[in-house]
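Peer 1: coordinates only, sequence not included:
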């Protein structure tokens, strides 16, 4: 199985390490030809407006918009795969609120709840919030009552950074959906 990591900004190497720990092949995606023969794509965090511009400048935006490739988006990646507005990829029927938790100085770590009642150390860096989900979207992680992770079909959105922990729970959960 080959997983692409969007390599335009964000925690690219950290996501690559997670995928390699799952004994899968990694392709760094910088241009449309890099999407060939991928089973899935991870869109790391960063700054969503900048990431959108980088995707458009590299000619990846339209290719991803038309593609059925499963995407795992973290933080800014989660914003871009939502259906907030016409300026997003529209892969998951959800709306997000950019910088919901505040500015960079308001970043924090907090134990979040998973669908199986386990806990996970959520690292929230200038994080968005998932504010509305559609009827076919399944919540998978919560900060108290707030949804911080969800999936629809083979797409996953996380408003935190699982790649910054040693816990492969979410990478494994997403990859298992691809099999």
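Peer 2: Alright, I've got the coordinates. Bear in mind that the values here come from a model prediction, so they are computed numbers and not experimental data.

Peer 1: regarding the residue positioned nearest the centre of the chain, what is its secondary structure?
Peer 2: Closest residue to the average C-alpha location of the chain: residue 73 at 1.3 Å, with Cα atoms, centre = their mean. Using DSSP: H, G, I helix; E, B strand; the rest coil, the structure places residue 73 in strand.

Peer 1: ok, it - contacts?
Peer 2: Neighbour list for residue 73: 42-43, 79-81, 91, 155-158 [criterion: Cβ atoms under 8 Å, 6 or more residues apart in numbering]. Every C-beta, even on glycine, is put in place using the N, C-alpha and C of the backbone.

Peer 1: does the most far-flung residue of the chain relative to its centre belong to a helix, a strand or coil?
Peer 2: Outermost residue of the chain with respect to the C-alpha centroid, by Cα atoms, centre = their mean, is residue 105; its distance is 21.9 Å. Assigned with three-state DSSP, residue 105 falls in the helix class.

Peer 1: and it, how close does it get to residue 69?
Peer 2: 35 Å (Cβ to Cβ, to the nearest Å).

Peer 1: again with residue 5
Peer 2: 13 Å.

Peer 1: out of the two, which sits in the more crowded spot?
Peer 2: Ranked by neighbour count (other Cβ atoms under 10 Å), residue 5 and residue 69 place residue 5 first, with 27 against 17.

Peer 1: and the more buried one, what does it touch?
Peer 2: Per Cβ under 8 Å, 6+ apart, neighbours of residue 5: 12, 15-16, 19, 26-29, 41-42, 44.

Peer 1: okay if I get these as a markdown table plus pLDDT?
Peer 2: As requested, the contacts of residue 5 are exported to a markdown table (pLDDT from 0 to 100):
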| residue | pLDDT |
| --- | --- |
| 12 | 97 |
| 15 | 98 |
| 16 | 98 |
| 19 | 98 |
| 26 | 98 |
| 27 | 98 |
| 28 | 98 |
| 29 | 98 |
| 41 | 98 |
| 42 | 98 |
| 44 | 96 |
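
Peer 1: among these, which are located in helices?
Peer 2: Residues of these located in helices (DSSP state H): 12, 15-16, 19.

Peer 1: what about residue 77, distance to residue 88?
Peer 2: Look at residue 77 and residue 88: by Cβ to Cβ, they are 11 Å apart.

Peer 1: local confidence estimate at the residue nearest to residue 110 when sequence neighbours are not counted?
Peer 2: Nearest non-adjacent residue to residue 110, counting by Cβ to Cβ, 6 or more residues apart in numbering: residue 122, 5.3 Å away. Listed pLDDT for residue 122 reads 96.

Peer 1: is it true that residue 122 lies in a strand?
Peer 2: Yes - counting by three-state DSSP, residue 122 is part of a strand.
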